[in-house]
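**Student:** here is my input; please provide its structure:
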Amino acid sequence: MRRILEFGFLGAAMALVLGTVPASAQQGQFRIGVVNTQRVLSELPSVSAAQRSLESELGRYRTEVDTLERSLQRRQEALQANTALSPAARTQQQQALQQSVAAYQQRVAQLNQLAEQRQQAVVAPVMRQVTEAIERVRREQGFAMIWDAAANFVVAVDPAFDITDRVIAVVRALPAPAAAPAAPRP
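**Tutor:** This is a model prediction of the structure:
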């Protein structure tokens with residue numbers, strides 16, 4: 001069913017685009033190219049080098065998380081094994097352990113954020129190059145659109161086919177939608 005919906009959307013999008021294409025493009029000059037960006041990325045030496053660098057950095061993060069996890073596990077096991085603690089001392093140690101777990105979770109969140117930022121920083125220059133190369137090939141080869149076979153979406157389009165301004169003008173000409181009803185009072 002999803003495949004049908006995708007094709008239906010694709011067909012509608014193509015009809016919309018073809019309806020706005022200049023007559024010369026409709027007479028056989030409308031060209032669509034396909035690129036597999038996953039394959040492009042897998043064959044670039046710069047991607048392999050960036051991935052090794054990133055894996056090295058992420059390895060340090062994983063090591064820190066593993067060390068923190070083992071420490072928490074040992075503390076929890078020691079607390080469970082120590083039956084000689086008074087109820088007040090047990091409660092105090094449980095609270096301290098809970099604080100350590102909260103600190104661990106906060107640190108994991110920080111490391112995940114750092115890892116995501118580093119990944120974006122490492123990948124962004126390569127993706128810029130790939131995008132520039134796709135656009136260059138699109139212009140040089142006279143393609144109106146380039147589809148990414150790996151992601152199933154358009155990655156480059158001839159600006160002459162951009163109907164955004166026309167759509168905005170039509171939407172602005174439509175009557176304003178009715179206001180949503182007010183939320184009931186509690």
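**Student:** hey, which helix is longest across this protein?
**Tutor:** Longest helix of the chain, by residue count under DSSP state H: helix 87-141.
**Student:** other SSEs contacting it?
**Tutor:** Counting contacts by 3 or more C-beta pairs under 8 Å, 6 or more residues apart in numbering; DSSP states H and E, helix 87-141 packs against strand 32-35, helix 37-42, helix 45-81, strand 145-148, strand 153-157. In short, each C-beta sits where N, CA and C put it, glycine included.
**Student:** ok, which of these comes nearest residue 96?
**Tutor:** Residue 96 lies closest, by C-beta to C-beta, to one member of the helices and strands packed on helix 87-141: helix 45-81, at 8.4 Å.
**Student:** the closest one to helix 87-141, inter-axis angle?
**Tutor:** Helix 45-81 runs at 170 degrees relative to helix 87-141, counting by axes from the mean of the first three to the mean of the last three C-alpha atoms, to 10 degrees.
**Student:** buried sites along helix 45-81?
**Tutor:** 47, 50, 54, 61, 68 (16 or more other C-beta atoms under 10 Å).
**Student:** kindly report the same for stretch 142-161.
**Tutor:** With the criterion 16+ other C-beta under 10 Å, stretch 142-161 contains buried residues 143, 144, 145, 146, 147, 148, 155, 156, 157, 158, 161.
**Student:** end-to-end on it?
**Tutor:** Taking C-alpha to C-alpha, to the nearest Å, the first and last residues of stretch 142-161 lie 13 Å apart.
**Student:** repeat for stretch 71-89
**Tutor:** Criterion C-alpha to C-alpha; first-to-last residue distance in stretch 71-89 is 20 Å.
**Student:** what of stretch 29-42?
**Tutor:** Taking C-alpha to C-alpha, stretch 29-42 runs 32 Å from one end to the other.
**Student:** now do stretch 142-155
**Tutor:** Stretch 142-155 has an end-to-end distance of 15 Å (C-alpha to C-alpha).
**Student:** still on that earlier bit, okay, the helices and strands packed on helix 87-141 in a markdown table with mean pLDDT and distance to residue 135 next?
**Tutor:** Formatted as a markdown table, the helices and strands packed on helix 87-141 follow (pLDDT from 0 to 100; distance: least, C-beta to C-beta, whole Å):
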| stretch | mean pLDDT | distance to residue 135 |
| --- | --- | --- |
| strand 32-35 | 88 | 11 |
| helix 37-42 | 85 | 13 |
| helix 45-81 | 88 | 18 |
| strand 145-148 | 87 | 8 |
| strand 153-157 | 78 | 5 |
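**Student:** related to what we said a few turns ago, for the buried residues of helix 45-81, which one is nearest residue 120?
**Tutor:** residue 54 (10.3 Å).
**Student:** my guess is that closest one contacts residue 118. True?
**Tutor:** Yes - judged on C-beta atoms under 8 Å, residue 54 makes contact with residue 118 at a distance of 6.3 Å.
**Student:** to residue 126, which of the helices and strands packed on helix 87-141 lies closest?
**Tutor:** Proximity to residue 126 (C-beta to C-beta) singles out helix 45-81 among the helices and strands packed on helix 87-141, at 5.6 Å.
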